[in-house]
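J.: model this:
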Amino acid sequence: MENRTDYVHIVHYYETDKMGITHHSNYIRWMEEARVDYLSKAGWDYAKLESLGIISAVVNVSCDYKRPTKFAEPITIRASIAEFNGVTLKFAYRMTNPDGVEVCSGTSLHAFLNETGRPVSIKRKFPELYEAFRVLVAEEEA
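T.: From the prediction side, this is the model:
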């Protein structure tokens, strides 16, 4: 069942290897696509964040590969906020094939930085954004 946090990626031919399966590096790109889509749907796309002088740097990324995917297969990626503390934001991702079978799961941790690369307290500097993320976390926990 899809919801507003779901993003669908169709596997491209160039994302597959000689064995006809998706190369492992692409799953992290798909996580980024789903995260960008999630933030856009939430009203806080990257252009808006960057216009405020906020950079969202990737601090850590992990990926658990469970089943292979193939060319032209639609992969549904459910993105969700796993943790938010005002300085870092952790996303969780669950990828499923058309049969609903999980093919990959992962996380990405992001630090909020200003334009000079220094950490930013979103709660103090951008209370509207802080509240928006707090509400998203609460919605996902409900």
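
J.: how near is Gly100 to Gly86?
T.: 35 Å (C-beta to C-beta, to the nearest Å). The way it works is simple: take the backbone N, C-alpha and C, and place the C-beta from them, glycine included.

J.: where in the chain is pLDDT low?
T.: 1-4 (pLDDT under 70).

J.: which residues of it fall in strands?
T.: Along the chain, counting by DSSP state E, strands occupy 6-10, 55-65, 74-84, 88-96, 102-113.

J.: could you dump those strands to CSV with distance to Met19 and mean neighbour count?
T.: CSV is the format used below for the strands of the chain (distance: least, C-beta to C-beta, whole Å; neighbours: other C-beta atoms under 10 Å):
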stretch, distance to Met19, mean neighbour count
strand 6-10, 19, 17
strand 55-65, 14, 14
strand 74-84, 18, 18
strand 88-96, 19, 21
strand 102-113, 15, 19
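
J.: for Asp37, which of these is the nearest?
T.: Smallest distance to Asp37 across the strands of the chain (C-beta to C-beta): 4.4 Å, for strand 6-10.

J.: what's the closest one packed up against?
T.: Helices and strands touching strand 6-10, by 3 or more C-beta pairs under 8 Å, 6 or more residues apart in numbering; DSSP states H and E, are helix 26-41, strand 74-84.

J.: dump the C-alpha coordinates for the last one into CSV.
T.: Once non-C-alpha atoms are left out, strand 74-84 reads as follows in CSV (Å, rounded to 0.1, in the frame of the first residue of the first chain):
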residue,chain,number,x,y,z
PRO,A,74,9.3,-0.9,-10.4
ILE,A,75,10.8,-0.6,-6.9
THR,A,76,8.8,1.1,-4.3
ILE,A,77,10.9,3.0,-1.7
ARG,A,78,9.3,3.9,1.5
ALA,A,79,11.3,6.7,3.2
SER,A,80,10.8,7.7,6.8
ILE,A,81,12.5,9.8,9.4
ALA,A,82,14.1,7.4,11.9
GLU,A,83,15.7,10.0,14.2
PHE,A,84,15.8,13.8,14.5
